[in-house]
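[1] here is my input, please return the structure:
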Amino acid sequence: MIDRYIDKFINYLKIEKNASGHTVINYAQDLKDFSSFLKDDTVESVDYLKIRKYLAALRAREYQKKTIARKLSSLRSFFRFLYREGYIKSNPVATVSTPKLDKKLPVFLDMQSVAKLIESADARDTWGLRDRAIMEMLYSSGMRVSELVGLDMSDVDIIGGVAKVMGKGRKERICPIGTKALGSLRDYMDKRPKENEALFLNKSGSRLHDRSVRRIIDKYIMKISFKEKISPHTFRHSFATHLLERGADLRSVQELLGHKNLSTTQIYTHVTAERLKAVYDKTHPRA
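    Take a look at the predicted model:
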């Protein structure tokens, strides 16, 4: 049975790779799905054709290409581990190609829209101050929502204007915080309950979670009647796009975003190029 090998792999992720809880859960779910597909087949019987049949079954279930690619990535890591540890004699996923994904340009807001959204939070009470500080931090630093809600009070240096965040793969990085975000953060920290070390709290005094941030952003989108499809991640996209538009180099933006590969950051150059082309087409007399 494959399940005991899955358990070994999950323990390897937790102990040796120090993978985040989110990553471990995703791998476990993907491999459980593959185990259900195999039924009583042994891990040694899995070959290239069986992997292809599994991918075909996922397509038949109308999974999106992105989801199929993620599940295949989980299988790659799993079988690479089994092969390296000597549990199997060959890696059945080694020659399987990843489905080509449709590239979607990230959605971002212009600077005026970002300001309008942030300033829609009422700064006269604790929770309005919190919401404004959340949006200011997301836009000012470009950090992920998971990184934001993971912040403790001790992770923020108000005087130095930086925050220490735990990124993907449990890699720490330092994010600069702008003057306006620091002001909002200081106002919120003066009013927030002092009992919990977590920086952003819910009304029960516990750490705020990703979904709660989504609901907070949705509330202000409705308040100002934005028609654009906006998520908390839109602040990160806007952060990167605005930096590049104003002359930041790609390597610096990569570091600020915590991207492992430069190719991930390069999607934002397509965004700025598309925008410049649209401006050109609209304004040049012979476009």
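
[2] P106 and H270 touch, don't they?
    No: P106 is beyond contact range of H270, at 9.1 Å (criterion: Cβ atoms under 8 Å). Backbone N, C-alpha and C define where each C-beta goes, glycine included.

[3] of these two, give the one with the bigger neighbour count.
    A count of neighbours by other Cβ atoms under 10 Å puts P106 above the other of P106 and H270, at 15 against 12.

[4] what about the more buried one, which helix or strand?
    Using DSSP states H and E, P106 sits in no helix or strand.

[5] ok, now which ones touch the closest residue to it other than its chain neighbours?
    Closest residue to P106 apart from its sequence neighbours, by Cβ to Cβ, 6 or more residues apart in numbering: H237 at 4.0 Å. H237 is in contact with 106-108, 268, 271, counting by Cβ atoms under 8 Å, 6 or more residues apart in numbering.

[6] rerun at 10 Å
    105-109, 142, 230-231, 257, 267-268, 271 (Cβ atoms under 10 Å, 6 or more residues apart in numbering).

[7] quick one: it from T265, how far?
    Counting by Cβ to Cβ, to the nearest Å, the gap from H237 to T265 is 12 Å.

[8] overlap in contacts of those two?
    L257.

[9] from the contacts of H237, which is closest to G167?
    L257 (9.0 Å; Cβ to Cβ).

[10] count of residues packed around R124?
    Counted with other Cβ under 10 Å, R124 comes out at 7.

[11] wait, a helix at it?
    No: read with DSSP: H, G, I helix; E, B strand; the rest coil, R124 is coil and lies in no helix.

[12] pLDDT weak spots in this protein?
    101-103 (pLDDT under 70).

[13] now for the residue sitting nearest the centre point of it: which residues touch it?
    Nearest to the mean C-alpha position of the chain, counting by Cα atoms, centre = their mean, stands R144 at 5.5 Å. Shown in contact with R144 (Cβ under 10 Å, 6+ apart): 138, 150, 165, 167-168, 210, 232-233, 235-236, 257-258.

[14] what subset of those is buried?
    The neighbour count (16 or more other Cβ atoms under 10 Å) marks 138, 150, 165, 167, 232-233, 235-236, 257-258 as buried among those.

[15] specify which member of the contacts of R144 is nearest to L117.
    F235 (8.7 Å).

[16] phi, psi of the residue nearest to the centre of the chain?
    phi -70, psi 160 (degrees, to the nearest 10).

[17] how many other residues sit next to T264?
    The number of residues near T264, taken as other Cβ under 10 Å, comes to 12.

[18] quick one: it and R236 touch, right?
    No: judged on Cβ atoms under 10 Å, T264 makes no contact with R236 at a distance of 12.0 Å.
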